[in-house]
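Asker: Just a sequence and a predicted model for now, questions to come.
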Amino acid sequence: MATILVVAEQANGHLKKATLSALTAAQQVAKNTGANIAGVVIGAGAGQAAQDLAAYGIPVHVVEGAAFEHALAETHSAAAAEVAKKAGAGEVVIAATAYGKDIAPRIAAKLGAGLASDVLAIVGANQFKRAMWAGNAIATVEVTTPMKVVTVRATEFGAAQKGQAAGTVTPAQVSAPQPKTRFVEFNEVKSARPELTEARVVVSGGRGTKGDFKPIEQLADVLNAAVGASRAVVDAGWQPNDLQVGQTGKVVAPQLYVAAGISGAIQHLAGMKGSKTIVAINKDAEAPIFQVADYGLVADLFKALPEMAEAVKKLQ
Amino acid sequence: MKILVTIKRVEDYESKIKVKPDNSWIVTDGVNYRANPFDEIAVEEALRLRDTNMPSEVVVVSVGPAAAAAEIRSGLAMGADRGILVKHDAFVDSDGVARVLKAVIDAEKPDLVLMGKQAVDVDDNVAGQLLAEYLGWGQATYASKKESLESPEEKAKKPGIRLTADKKSAQVAREVDGGLEILEVQLPAIVTVDLRLNVPRYASLPNIMKAKKKPIAEMTPQQLGVDVVPKVKVVKVESPPQRAAGVKVPDVQTLVQKLHSEAKVI
């Protein structure tokens, strides 16, 4: 029976939540095909993260060692492809994060597989739904190769449930490639807030903030929310790059998305219109953001957001 | 050094995209076309690298219909030296594009290949990584830079990709989840570019005139010996689900009350 290999993402031994969405996608495929699921965790700290993944009831392969310490596309794709071959995998599933998108095509090329990227839904054994033209169209694509690689948009698949019995964790013996890239440093943007793609509530600011994010942060604090931003804000250097929500930034789907001072260009909407409830606060009553908002308030964000923070506090 | 840049002809993001009634593709009548915005950033970066590392040459390559010559011309008008058009009218998937580009690169032997991180039509974010693997090269995806687009470095049009002193490697700042990662990649390499690498220049009128005389070599995938039958076929295109229209609320108190008792999200 064919195996579906889920390639996990982890940092310093912590399994990334998006991996559990990839596992859910793999389970949906397995339900159709009867395939087995296995996992592979690669990099420094992989052993710890592998224990966490195995708790979901699947056998997990671990690739550790100096050659795989940093998440280089060359080394990690080589390890994943080798494990896939040894496990007799017919399909590889990865979350479509920066890491997943970086390595998945190289895995596909090594395996001679067709790649369906940033998948929103599993239609059948070979067919998948994905967004194109900034989400203006949803395509059903068919992978025609026997071997398939799929990256999935984590927000479209819930987190997998823990299994009754934990799976086994086995070290995988893979050859260490000689990469042509070298890790130099990681300039981390430290934040005490929840991660943007994982938060229950996101408060985002746009050009209307004029670069002053205090009201955004104040409301985010009260709601225990992540902070997001429109492209204009990030391009201006007002907020770090990885806060950008949109077609080319992060795709988020929280329970509540508050867009303040964001006009609502189609590229921004592509990154947040899957949110359960959308609130738009904008001075311009004609702003396109109001067309996707469940609740719209025509107001100055510098007045409305502090008032909102106070009102929410009173409820708590 | 020789820098090869890819340019894709895509639907203008300001055009209204509508799905065809038979769900086979999108309506293309009345849609404007332009160069993929990420590819323009790649061209800009190539020009900055060329002009600070003379003698160098920038070659722009497109895989697409005959009309894609217009997008190559736009790259030449920005300042690139010559163009290559690999003509194919039907849909080519990212894998086909990567294999065509490999054949072009095998012949051209560039020191660096710059590509947009994704084309804004299929939004795939795949071709650059596939190409790197097919070539056996290193890759640095999502190239950005530490300085903002408002910084003095950007105003001075400095390249964000920094060549090492021996020009055998390049340092690239990558936009990844949680921050910026700096990688050093041996040349030749594939670098895919993100939004914050630079602000592309506009073509000046004299340069647009000059571009008309720059050479564009034309060829086909068949001539390059590449079969472009897609590994991933598009079988159906549909309109996205529409969100039901919401309501306007008069004030913050009503908003918070509705979020609490109606939407139950706070």
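Answerer: Nice, I can see it. Numbering: from 1, shown residues only, chains lettered A, B, ... in the order given.
Asker: Following element in sequence after the strand or helix carrying B:K210, please.
Answerer: Per DSSP states H and E: B:K210 is located in helix B:205-211. Once helix B:205-211 ends, the next helix or strand along the chain (criterion: DSSP H and E) is strand B:216-219.
Asker: so what secondary structure elements neighbour the helix or strand just after that next one?
Answerer: Moving toward the C-terminus from strand B:216-219, the next helix or strand (DSSP H and E) is strand B:232-238. Applying 3 or more C-beta pairs under 8 Å, 6 or more residues apart in numbering or on different chains; DSSP states H and E, we find strand B:232-238 packed against strand A:114-122, strand A:137-143. All C-beta atoms are positioned from the backbone trio N, CA, C, and that covers glycine.
Asker: would you list the ones you listed in JSON lines and tack on mean neighbour count and mean pLDDT?
Answerer: Shown next, in JSON lines, are the helices and strands packed on strand B:232-238 (neighbours: other C-beta atoms under 10 Å in any protein chain shown; pLDDT from 0 to 100):
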{"stretch": "strand A:114-122", "mean neighbour count": "24", "mean pLDDT": "98"}
{"stretch": "strand A:137-143", "mean neighbour count": "22", "mean pLDDT": "98"}
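Asker: Quick check: which of the ones you listed is nearest to A:D52?
Answerer: strand A:114-122 (23.8 Å; C-beta to C-beta).
Asker: Can you tell me what sits against that closest one?
Answerer: Contacts with strand A:114-122, where a contact means C-beta atoms under 8 Å, 6 or more residues apart in numbering or on different chains, come from A:25, A:28-29, A:32, A:96, A:101, A:104-105, A:108, A:128-131, A:138, A:141, A:143-145, A:147-153, A:156, B:93-95, B:123-126, B:130, B:231-232.
Asker: and the residue in chain A positioned nearest to chain B, what pLDDT?
Answerer: Nearest residue of chain A to chain B: A:G237, at 2.7 Å (C-beta to the nearest C-beta). Here, the pLDDT recorded for A:G237 equals 90.
Asker: Now the closest residue to chain A within chain B. Nearest residue, chain neighbours left out?
Answerer: In chain B, no residue comes nearer to chain A than B:S148, which is 2.7 Å away by C-beta to the nearest C-beta. Nearest residue to B:S148 in three dimensions, chain neighbours excluded: A:G237, at 2.7 Å (C-beta to C-beta, 6 or more residues apart in numbering or on different chains).
Asker: For that neighbour, grab phi and psi.
Answerer: The phi and psi values for A:G237, taken as degrees, to the nearest 10, are phi 80, psi 10.
Asker: what do you get for A:L256?
Answerer: phi -140, psi 130.
Asker: Make sure it is actually in contact with A:A293.
Answerer: No: using C-beta atoms under 8 Å, A:L256 makes no contact with A:A293, being 11.6 Å away.
Asker: Now the common contact residues for those two.
Answerer: Shared contacts of A:L256 and A:A293, counting by C-beta under 8 Å, 6+ apart, come down to A:V279.
Asker: The two: which has the busier surroundings?
Answerer: Using other C-beta atoms under 10 Å in any protein chain shown as the criterion, A:L256 and A:A293 rank with A:A293 on top: 27 against 22.
Asker: so what's the residue positioned nearest the centre of chain B up against?
Answerer: When C-alpha atoms, centre = their mean is applied to chain B, the residue found nearest the centroid is B:G116 (2.3 Å). Contact analysis of B:G116 by C-beta under 8 Å, 6+ apart lists B:T6, B:K8, B:N36, B:P37, B:F38, B:D39, B:I41, B:A42, B:T192, B:V193.
Asker: Of the residues you listed, select the buried ones using a PyMOL command.
Answerer: Selecting only the buried entries of the contacts of B:G116 in PyMOL, with 16 or more other C-beta atoms under 10 Å in any protein chain shown as the criterion:
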select buried, chain B and resi 6+8+36+37+38+39+41+42+192+193
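Asker: and chain A, which of the contacts of B:G116 contact it?
Answerer: Near chain A, judged by C-beta under 8 Å from any C-beta of the partner chain, the entries from the contacts of B:G116 are B:F38.
Asker: now, which of the contacts of B:G116 sits nearest A:Q164?
Answerer: Of all the contacts of B:G116, B:T192 has the smallest distance to A:Q164: 42.8 Å, by C-beta to C-beta.
Asker: so what's the closest one up against?
Answerer: Listed by C-beta under 8 Å, 6+ apart, the contact partners of B:T192 are B:38, B:42, B:114-117, B:128-129, B:139-143.
Asker: What remains of the contacts of strand A:114-122 if I keep only buried residues?
Answerer: Of the contacts of strand A:114-122, these count as buried by 16+ other C-beta under 10 Å: A:25, A:29, A:96, A:101, A:104-105, A:108, A:128-131, A:138, A:141, A:143, A:145, A:147-153, A:156, B:93-95, B:123-126, B:130, B:231-232.
Asker: Which members of those occur in strands, if any?
Answerer: Within the buried ones among the contacts of strand A:114-122, residues falling in strands by DSSP state E are A:128-131, A:138, A:141, A:143, A:148-152, B:232.
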